[in-house]
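Chemist: need coordinates for the following:
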Amino acid sequence: MSGQRIRREETDLSIQSINHALNKLTSLHESLLTLSKEKTEIVKEGSVAKLQSLLIKEQKFVQAIEQAEWKRQQAVHAWAIQHHADPDTVTITYILKNETDKTSGKELEQWSTRLTSTLAQLKQQEHLNRELVKQSLQFVELSLDMLNPTIQGMNYGDKQSSAVPARSVFDSKA
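Modeler: I've put the predicted structure just below:
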């Protein structure tokens, strides 16, 4: 009986670890979404200095997300080993179907749904930012093209022939 109790506590620990990792990932992605919305406003302003500062903050969040994702993978791996499943093929759906603790399973489902929703919003926001930056670059390119003189306007190209033939200064009959 104590062996079953220990196994149950280990299972509870691994599902709690997965829930904790999903909670952390969701929190980090929500913060990244907030930064992404700030980025939209900064791009609209055209402030390069603010954008550079924000990109540094964004990079720190990306690193934290990578660490949290690694911890999530480790927790899922531990759960899979405890449940005699292939760690490479275990999904949230698989865990939900096979988890005996329904309370932890419900929490897992809620975190998973919230994270998925946040990721969809973040993807949409970043798509908007990408389009705004693309338009800004097109505007800059157009402005530069307007400022640069064309080759034809410079003295280095072929001279245009005039409609009136040039008269010779010398009298060729002489």
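Chemist: and S31, how many neighbours?
Modeler: 16 (other C-beta atoms under 10 Å). Any C-beta I mention is one placed from the backbone N, CA and C, and that applies to glycine too.
Chemist: which secondary structure elements does the helix or strand encompassing E141 sit against?
Modeler: For E141, the host element (DSSP states H and E) is helix 102-147. Helices and strands touching helix 102-147, as assessed by 3 or more C-beta pairs under 8 Å, 6 or more residues apart in numbering; DSSP states H and E, comprise helix 2-45, helix 92-98.
Chemist: which SS state does A85 fall under?
Modeler: coil (DSSP: H, G, I helix; E, B strand; the rest coil).
Chemist: between the helices and strands packed on helix 102-147, which one is closest to K71.
Modeler: Nearest to K71, of all the helices and strands packed on helix 102-147, is helix 2-45, at 4.9 Å by C-beta to C-beta.
Chemist: so that closest one versus helix 102-147, what angle?
Modeler: 20 degrees (axes from the mean of the first three to the mean of the last three C-alpha atoms, to 10 degrees).
Chemist: what's downstream of helix 2-45, the next helix or strand?
Modeler: Using DSSP H and E, the helix or strand that follows helix 2-45 towards the C-terminus is helix 48-82.
Chemist: go ahead and flag the most central residue of the protein.
Modeler: E126 (6.0 Å; C-alpha atoms, centre = their mean).
Chemist: name the nearest residue to that one, ignoring sequence neighbours.
Modeler: Spatial nearest neighbour of E126, excluding adjacent residues (C-beta to C-beta, 6 or more residues apart in numbering): S36 at 5.8 Å.
Chemist: same deal with L35?
Modeler: Distance criterion C-beta to C-beta, 6+ apart; nearest residue to L35, sequence neighbours excluded, is E58 at 5.4 Å.
Chemist: residue contacts, that neighbour?
Modeler: L32, L35, S36, K39 (C-beta atoms under 8 Å, 6 or more residues apart in numbering).
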